[in-house]
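Asks: need a 3D model of the sequence below.
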Amino acid sequence: LFRSVLVSYNVENLFDTIDNPDTADDEFTPDGERHWDSYRYYQKLKHLWKVLAATTFDDFPDVIGFYEVENRDVVHDLITKTPLWSGHYKIFHRESLDRRGIDIAIAYRPETFQPIDTSTIRIVFDGADSTYHTRDIMYMKGVVKISGDTIHIFANHWPSRYGGYSATETMRCRAASVLRSKVDSIFANNQCAKVLCIGDFNDNPDNMSVNDFLKARTDLDNVEPGSLYNVSHYLWREKGLWTYWYDGHGDFLDQVIASGALLGGNGLHFSIDDVTPINDSFLLNEDGGVFRTYLGTRYTGGYSDHLPVVIRMRVGD
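Replies: Presented below is the predicted three-dimensional model:
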């Protein structure tokens, strides 16, 4: 029996229509090149609600990690101006230094999930990249009320591949190192901590950032406390699933990486088969790719360029 549902979703440029003079958001304004107006904005909110409704069987997700949101206001609109309002969500959000002004936000239902600590983790780059800013890692420690278990959630949106994969790889490796140090500090206090790393890593499960710097293991047959395991690697390589379609093939950028204690043992846990991208037909276009909001600067009226990933957690056996 599933007791707690968490969703991780890159919603593809959820911008309001107002020009922010401090960020490069001009294209997402009524006079910008994407002609982003109130109609398109509210259509996007309705679409995102439809997607989130498809992630659960009969209720709302307990926690939702959002990526590519411009600010707190757009998340507030999503959870109050769609049927999500009846989930009574609260928002954890902080403005990042991202050039375009896109951030991470976590929405949660206080009746099922109680935060006990939140923080943002800034990623600082050295050398030639020292002036580059990316999204902060969002950390939320909380209690899942149905079981009383404490879970540590790290929501990530690592530096993009814009400018070339090789040219940007070191920045994602840096983000992975920062995340790993935070996870290690948790494991130092409790090897059996339930840790979950989610988000848009802008890398696949077999890339260097995840393998060598985050040290996410892929040997899921022998799960141990105090280690991280990449569930996405199994879903991508063994089950052929993906979350992002590019140049005719599927990537698994929206990864799910969990501690051994969350993949086995007592209390709150989930198995590798309890994690899946939502790939309902309405989310896909004719060529099998994702039905996105824009193709370049042409409005197509879709949902997002990423698929959401749902994690259905269990309590007990």
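Asks: can you give me the helices in the chain?
Replies: 38-53, 72-80, 165-189, 208, 231-237, 260-263 (DSSP state H).
Asks: which among those is found nearest to residue 249?
Replies: Nearest to residue 249, of all the helices of the chain, is helix 231-237, at 11.0 Å by C-beta to C-beta. Every residue, glycine included, has its C-beta placed from N, CA and C.
Asks: so what's the gap between the closest one and the chain middle?
Replies: 16 Å (C-alpha atoms, centre = their mean, to the nearest Å).
Asks: who's in contact with that helix?
Replies: With contact meaning C-beta atoms under 8 Å, 6 or more residues apart in numbering, helix 231-237 is reached by 204-206, 216, 218, 220, 241-242, 250, 252, 254-258, 263, 272, 275-277.
Asks: counting only strands, which of these make the cut?
Replies: Under the assignment DSSP state E, these contribute 216, 250, 254, 255, 256, 257, 258, 275, 276, 277 to strands.
Asks: and the nearest residue to the last one once chain neighbours are set aside, its phi and psi?
Replies: Among residues not flanking residue 277 along the chain, residue 307 sits closest, at 4.3 Å (C-beta to C-beta, 6 or more residues apart in numbering). Its backbone dihedrals place residue 307 at phi -90, psi 150, with angles given as degrees, to the nearest 10.
Asks: just give the number of residues close to residue 307.
Replies: By other C-beta atoms under 10 Å, the residues close to residue 307 number 27.
Asks: residue ranges in the stretch 101-250 of the chain under the pLDDT threshold?
Replies: 127-131 (pLDDT under 70).
Asks: in a markdown table: the helices of the chain, plus distance to residue 301.
Replies: What follows is the helices of the chain, written out as a markdown table (distance: least, C-beta to C-beta, whole Å):
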| stretch | distance to residue 301 |
| --- | --- |
| helix 38-53 | 7 |
| helix 72-80 | 17 |
| helix 165-189 | 30 |
| helix 208 | 37 |
| helix 231-237 | 29 |
| helix 260-263 | 38 |
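Asks: and those as TSV, adding distance to residue 3 and mean neighbour count?
Replies: Shown next, in TSV, are the helices of the chain (distance: least, C-beta to C-beta, whole Å; neighbours: other C-beta atoms under 10 Å):
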stretch	distance to residue 3	mean neighbour count
helix 38-53	19	17
helix 72-80	22	19
helix 165-189	23	17
helix 208	36	14
helix 231-237	18	22
helix 260-263	13	24
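Asks: and these: which comes nearest residue 15?
Replies: Using C-beta to C-beta, the helices of the chain put helix 72-80 closest to residue 15, at 6.9 Å.
Asks: packing partners for that closest one?
Replies: Here helix 72-80 touches strand 2-14, helix 38-53, strand 90-93, strand 103-108, going by 3 or more C-beta pairs under 8 Å, 6 or more residues apart in numbering; DSSP states H and E.
Asks: what's in contact with the third one?
Replies: Contacts made with strand 90-93 from outside it, assessed by C-beta under 8 Å, 6+ apart, are listed as 69, 71-72, 75-76, 79, 103-110, 115, 118, 138, 140.
Asks: in that strand, what counts as buried?
Replies: Using 16 or more other C-beta atoms under 10 Å as the test for burial, strand 90-93 gives 91, 92, 93.
Asks: now, which of these sits nearest residue 230?
Replies: Distance to residue 230, by C-beta to C-beta, is smallest for residue 92 among the buried residues of strand 90-93, at 24.8 Å.
Asks: does residue 154 touch residue 196 like I think?
Replies: Yes. Residue 154 lies in contact with residue 196 (C-beta atoms under 8 Å); the separation is 7.1 Å.
Asks: rewinding a little: turn the helices and strands packed on helix 72-80 into a markdown table, including distance to residue 25.
Replies: Listed next are the helices and strands packed on helix 72-80 as a markdown table, based on distance: least, C-beta to C-beta, whole Å:
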| stretch | distance to residue 25 |
| --- | --- |
| strand 2-14 | 9 |
| helix 38-53 | 13 |
| strand 90-93 | 16 |
| strand 103-108 | 12 |
